[in-house]
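**Q** Pasting the sequence and the predicted model now:
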Amino acid sequence: MKKIDEYLKQYPNENRPDEAIDTLLEDMEIRQFVMKYDLTHDTILNGINSLLTFKEQKETCQVCPGLYDCKLITTGMTPVLEYYNGDIALSYQKCRFNIMDESKFRIDTLYVPKKVFNAELSDFDLIGPERKEIHRYILKFLTEYSREKYVKGMYISGIYGSGKTYILAVIANELAKKGFDIVFVYYPDLVRELKSSIGTGNLEEKIERLKAAEILFLDDIGGEAPSAFVRDEILGPILQHRVLDEKPTFFSSNMKMKVLIEAMQADGSNIEKTKAFRIFERIRELAQEFEISEKPNRTP
């Protein structure tokens with residue numbers, strides 16, 4: 001960081017401090033700060049080092065690509081001007097990248113690569129009526145949902161590579177930024193783990209975790225090997241609990257909801273059809289259905 005004497009070398013005449021102040025006041029934030037507190041010339045002069053440091057560090061933050069390349073000693077923090085006891089002071093608050101990264105800790109992932117959560121709503125592909133409809137739904141959900149106001153989640157089906165997981169990740173990211181806690185799981189791997197937990201004593205604990213999740217994402221449901229036990233003793237109770245507690249739940253699948261009923265039947269008996277239909281009914285209560293029939297215009 002430059003010292004004020006170094007900075008003033010740019011101004012060779014005896015009015016160097018005043019010229020330095022004039023230059024600093026060209027910065028909109030500094031000018032607004034001075035006007036807000038109606039600062040005198042002497043106060044500004046006494047605090048010129050803080051103003052200079054603020055300007056330099058703010059300009060560094062403006063071109064920063066992320067925490068991994070932070071140039072400030074106070075990594076992840078950005079400068080803020082304060083007026084305290086008649087003096088200009090400098091403090092720090094979390095920068096935009098620091099806040100964003102902190103939100104990632106609100107997403108509890110199971111069997112999902114972390115890179116998925118680089119998905120941003122600003123990068124959402126809006127080519128085609130299907131994606132535009134989904135985008136409208138996402139904006140509506142993010143606007144309307146709160147802990148006091150329940151809004152249905154989403155069931156999105158479509159061909160392999162159509163970006164279903166990416167879309168769910170966009171929603172999860174945005175909700176995490178708003179302070180909600182997320183559990184995001186790749187369902188086929190979850191089923192395999194739950195099956196291996198049978199008889200170990202911690203199966204119920206894992207089921208309770210999914211029941212209680214503030215917002216739950218089940219990615220690729222229907223992609224698992226059919227199991228009447230998982231359907232009736234694990235998935236059914238989880239969904240029923242979330243229906244009763246009005247907890248938002250999101251799904252992705254290669255199958256439409258009605259096709260999923262057939263995939264969850266062990267055979268063609270009426271009993272199997274009835275049990276599978278119960279799952280369908282719970283999903284339908286929890287989620288609004290969307291379909292994507294084409295791959296994205298650009299690869300997520």
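**A** Great, that's in hand.

**Q** hey, let's count contacts and neighbours off CA atoms from now on
**A** Fine.

**Q** Look up the closest residue to the residue nearest the centre of the chain, ignoring the ones flanking it.
**A** Centroid-nearest residue in the chain: residue 173, 1.6 Å away (criterion: C-alpha atoms, centre = their mean). In space, and not counting its chain neighbours, residue 173 is closest to residue 117: 6.4 Å by C-alpha to C-alpha, 6 or more residues apart in numbering.

**Q** residues in contact with that neighbour?
**A** 104, 169, 170, 172, 173 (C-alpha atoms under 8 Å, 6 or more residues apart in numbering).

**Q** surely the last one meets residue 120?
**A** Yes - proximity of residue 173 to residue 120 meets the contact threshold set by C-alpha atoms under 8 Å, at 7.3 Å.

**Q** re the thing from before, for the residue nearest to the centre of the chain, pull up the helix or strand it's in.
**A** Per DSSP states H and E, residue 173 falls inside helix 164-177.

**Q** if I look at the residue lying closest to residue 228 once chain neighbours are set aside, how far off is residue 229?
**A** In this structure, residue 228 finds its nearest non-sequential neighbour in residue 266, 6.6 Å apart by C-alpha to C-alpha, 6+ apart. Here the criterion is C-alpha to C-alpha, to the nearest Å. By it, residue 266 lies 10 Å from residue 229.

**Q** and those two? which has more neighbours close in?
**A** Each of residue 266 and residue 229 has its neighbours counted (other C-alpha atoms under 10 Å); residue 266 has more, 14 against 11.

**Q** quick one: buried residues of the one helix or strand residue 211 maps to?
**A** If you go by DSSP H and E, residue 211 is part of helix 203-212. Using 16 or more other C-alpha atoms under 10 Å as the test for burial, helix 203-212 gives 203, 207, 210, 211.

**Q** how about the helices in the chain?
**A** 4-8, 16-24, 28-37, 41-46, 48-62, 96-104, 129-144, 164-177, 187-197, 203-212, 228-229, 236-245, 257-263, 270-286 (DSSP state H).

**Q** and of those helices, who's closest to residue 292?
**A** Nearest of those to residue 292, taken as C-alpha to C-alpha: helix 129-144 at 6.1 Å.

**Q** on that earlier part again, which of the contacts of residue 117 tops the neighbour count?
**A** residue 172 (27 neighbours).

**Q** got a list of what the residue nearest to it when sequence neighbours are not counted touches?
**A** Leaving aside its sequence neighbours, residue 172 sits nearest to residue 182 (C-alpha to C-alpha, 6+ apart; 6.8 Å). Taking C-alpha under 8 Å, 6+ apart, we find residue 182 in contact with 106, 107, 108, 172, 175, 176, 213, 214, 215, 216, 217.

**Q** pLDDT score assigned to residue 182?
**A** Looking at residue 182, its pLDDT reads 91.

**Q** sorry, back to before: can you say which of the contacts of residue 182 are buried?
**A** By neighbour count, with 16+ other C-alpha under 10 Å, the contacts of residue 182 hold 106, 107, 172, 175, 176, 213, 214, 215, 216, 217 as buried.

**Q** From residue 170, how far off is the closest residue to the first one other than its chain neighbours?
**A** In space, residue 106 comes closest to residue 181 once its chain neighbours are excluded; the distance is 4.8 Å by C-alpha to C-alpha, 6+ apart. To residue 170, residue 181 is 14 Å away according to C-alpha to C-alpha.

**Q** circling back: close enough to count as contact, the residue nearest to residue 106 and residue 213?
**A** Yes - if you go by C-alpha under 8 Å, residue 181 and residue 213 touch, sitting 7.4 Å apart.

**Q** shaky segments in the stretch 101-250 of the chain?
**A** Across the stretch 101-250 of the chain, the ranges flagged by pLDDT under 70 are 101-105, 114-115.

**Q** how does the chain divide up, domain by domain?
**A** 4-98, 105-292 (automatic domain parsing).

**Q** deepest of the ones you listed, which one?
**A** When these are scored by mean count of other C-alpha atoms under 10 Å, the highest mean neighbour count falls to domain 105-292 (a mean of 17).

**Q** Return the distance of that domain from the chain's centre.
**A** 16 Å (C-alpha atoms, centre = their mean, to the nearest Å).

**Q** Repeat that for stretch 23-33.
**A** 34 Å.

**Q** I'd like the average pLDDT over that stretch.
**A** On average, stretch 23-33 scores 91.

**Q** Residues touching that stretch, excluding its own?
**A** 51, 52, 55, 81.
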